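Q: pasted the sequence and its predicted model underneath.
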Amino acid sequence: MQVPTSTLGQSLCFSALVLILALANSFLNPRALDLTRDYFPQAQSAALTSSKPSSSALPKHDFGVMTAEDILEFLPDFKKEDHMVICLDARSPSHYRNGHIPGAYLLDHYHQDDYLPQLVPMLKQAGYVIVYCKGGDCEDSIFLATDLVYHQGIEKEVVYIYEGGFHEWREKGLPITEGMEP
Amino acid sequence: MKRSWPRLLRIGVGAILIAYGLEKLADPVAFLKAIHEYQILPSRPPWMMNLMPNGIPILEIGAGLCLITGFLRRGASLVMGCFLTAFTAAILWRTFRVMEETGLAFQQVQFDCGCGSGVVVIWEKILFNLALIVATFYAGFRRTTA
């Protein structure tokens, strides 16, 4: 095969090579993102457009909100066998390993398929599902909650966002568990 | 020395591009979030945005390798230079949006531009990118003995 000598020919050849390798990366690399998945889902509820007051830097959402104090009250329930209260950590495994709310399950929003099969049966029975991520302007908890409600069939009324997130939890000096176990 | 500096420039630009590509390849989620912040690409259909974190690192690594080895050098330089120009324009566009939203002066604006170096001072990043664009075109089109 001859290498093109013109700049245009080389550009086309290079672009085609990059496209092929990019598609190969998309389909073969387990760390690559799923081309078909919407990672930034918008809630389909009309209530989302209402002017709900929010003290956080997060965009408006129509889920219930829990504070650190609310979660502290629920903390003993997280590890109960009946799974009436479930806490989900939407961050990455490395963040989770470095510290998470005791009893919280890892459900990395960007790699949900790795965790959902085990968690969905529990989530469908839960009375409260509390979702958090880093806090601040991190929106992953909202995206995960939206996916749970609109794609996994979890009832919206049971899903709550802890807007302060792990950053606030740590700042307040509340209990933390390290490692991959809830 | 005088004769070898164009080759050194090619290796230097190539190494920078490869480093940027590897950093993005290692954390595609961070890059996806950064791209989402620009609000330029539509989130539907999802593949339009999702292909970026999977493809741009390949583009950068590929262009870097081509500049270093000389294979498809001019083509890689042209494509990479055009991409860098478009990306720098997007950074500038987002900077103006941040200025409008926050009231900050141009030289005060900082954000994670998705360039692989975390939160950066934007005017410095734009200057660096302009230098990188010139260097990319120059390294690709300058006649060398290699």
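A: Everything's here; your move. Numbers count the residues shown, from 1 in each chain, chains lettered A, B, ... in the order given.
Q: let me see the contact set for the residue nearest the centre of chain A.
A: Nearest residue to the geometric centre of chain A (Cα atoms, centre = their mean): residue A:109, 2.8 Å. Residues counted as contacts of residue A:109 (Cβ atoms under 8 Å, 6 or more residues apart in numbering or on different chains) are A:39, A:90, A:133, A:140-141, A:143-144, A:147. Where you see a C-beta, it was placed from the backbone N, CA and C, and this is true even at glycine.
Q: for it, phi and psi?
A: Note on residue A:109: its backbone torsions stand at phi -60, psi -30 [degrees, to the nearest 10].
Q: what segments of the chain are strands?
A: I'll assume chain A. All strands of chain A, identified by DSSP state E, fall at A:64-66, A:85-89, A:105-106, A:128-132, A:159-162.
Q: wrong chain, I was asking about chain B
A: B:110-112, B:119-121.
Q: for the residue of chain B found nearest chain A, what are its contacts?
A: Closest residue of chain B to chain A, Cβ to the nearest Cβ: residue B:75 (2.5 Å). Neighbouring residues of residue B:75 by Cβ under 8 Å, 6+ apart: A:4, A:7-15, B:66.
Q: tell me how far it lies from residue A:166.
A: As for residue B:75, its distance to residue A:166 is 46 Å (criterion: Cβ to Cβ, to the nearest Å).
Q: over to residue A:156?
A: The spacing between residue A:156 and residue A:166, counted by Cβ to Cβ, is 23 Å.
Q: of those two, who's got more company?
A: Applying other Cβ atoms under 10 Å in any protein chain shown to residue A:156 and residue A:166 shows that residue A:166 carries more neighbours, namely 27 against 16.
Q: and the strands of chain B, which is most packed in?
A: Of all the strands of chain B, strand B:110-112 carries the top mean neighbour count, a mean of 16, counting by mean count of other Cβ atoms under 10 Å in any protein chain shown.
Q: hmm, who's touching it?
A: B:30, B:34, B:37, B:94, B:98, B:118-122.
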